[in-house]
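okay, sequence plus prediction incoming.
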Amino acid sequence: MRSIDEQGYHFEEWLTPEQIAKDVRQVADRISADYADKEPLFVVVLNGAFVFAADLIRALRGVRCEETFIRVSSYYGMASTGRLEFIVPLQQVVDQRDVIVIEDIVDTGLTIHQLKAHMRGLGASSVRVATMLFKPGKLEYDDAKPDYIGHEISEEFVIGYGLDFDGFHRNLDAIYKVKN
Ligand code: IMP
């Protein structure tokens, strides 16, 4: 089994590239079915979601769509700060659009809770959320439960496939879980 050591923490491979590909396929199939007659606008949450988003949008079938990017930050090291900072604001009109927010992971739900309110305030017709990972045990905001989930995970910190530890390891092709 592959492993990574970083800042005194030991991470072991948890989702292989093959398992990730299956999860992406399943999410893409559901979105393709739900949005076949719509023109969704994907809002990719940077930095973490860029890897999942690139795979997900290319796995869609028959969906005419657009993509835009937003960059927010709420994390420092392995803990949420509880405050969302808009580092790169939304640059596309979402008024009357069917928005699908793409996240790498939904943890407390703070990011999604605030982003949904933001998109609705800007007039989006609908806002749904697609995420590679979801930590249901840590969810603090009911409205942040994702609509499309690649894989559920317990509360451990993970890296790889877009997810970082202090900016590093987003480029790993698998998802690694911290071991105590
Ligand atoms: P939330 O706002 O608490 O739901 O946190 C969402 C953001 O926290 C994600 O987009 C990630 O950037 C970060 N995050 C949460 N859990 C992890 C993790 O296990 N590994 C890496 N980043 C994480």
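That came through fine. Just so it is clear, the structure is predicted and the values come from calculations on it, not from any experiment.

so is the residue positioned nearest the centre of the chain in a helix, a strand, or just coil?
Note on the chain: the residue nearest the mean C-alpha position is E103, at 1.6 Å, using C-alpha atoms, centre = their mean. In terms of secondary structure, E103 is strand; the call rests on DSSP: H, G, I helix; E, B strand; the rest coil.

hmm, it is touching N47, no?
No - in this structure, E103 sits apart from N47 without contact. The criterion is C-beta atoms under 8 Å, and the distance is 11.4 Å. To be clear about C-beta, it is placed using only N, CA and C from the backbone, and glycine gets the same treatment.

D29: neighbour count?
Applying the criterion other C-beta atoms under 10 Å, we find 14 residues in the vicinity of D29.

that one should be in a helix, yeah?
Yes - if the criterion is three-state DSSP, then D29 is within a helix.

just name the shakiest helix or strand of the chain by mean pLDDT.
Within the chain, confidence by mean pLDDT, DSSP states H and E is lowest for strand 79-88 among all helices and strands, at a mean of 74.

circling back: now do the contacts for the residue nearest to the centre of the chain.
Residues in contact with E103 (C-beta atoms under 8 Å, 6 or more residues apart in numbering) are 45, 48-49, 111-112, 129-132, 146.

which residue ranges of this structure form strands?
Per DSSP state E, the chain carries strands over the ranges 3-6, 9-15, 41-46, 66-76, 79-88, 98-106, 126-134, 148-152, 158-159, 175-179.

near the ligand, which residues of this structure?
Taking C-beta under 6 Å from any ligand atom as the contact definition, the chain meets the ligand at 48, 74-75, 80, 103-111, 157-158, 163.

show the pLDDT at the residue nearest to the centre of the chain.
Per-residue confidence for E103 comes out at a pLDDT of 98.

how about V178?
Among the per-residue scores, V178 shows a pLDDT of 97.

does it have any beta-bridge partners, and if so which?
When assigned by DSSP bridges, V178 has beta-bridge partners F11.

burial count for E155?
Residues lying near E155 (other C-beta under 10 Å) number 9.

do I have it right that it meets G137?
Yes - under the criterion of C-beta under 8 Å, E155 makes contact with G137 at 5.3 Å.

what about F50, neighbour count?
15.

how near is it to the ligand?
From F50 over to the ligand the distance is 11 Å, taken as C-beta to the nearest ligand atom, to the nearest Å.

surely that residue is in contact with F42?
No - if you go by C-beta under 8 Å, F50 and F42 don't touch, sitting 11.5 Å apart.

and the contacts of E103, which is the shakiest by pLDDT?
Per-residue pLDDT puts T111 lowest of the contacts of E103, at 92.
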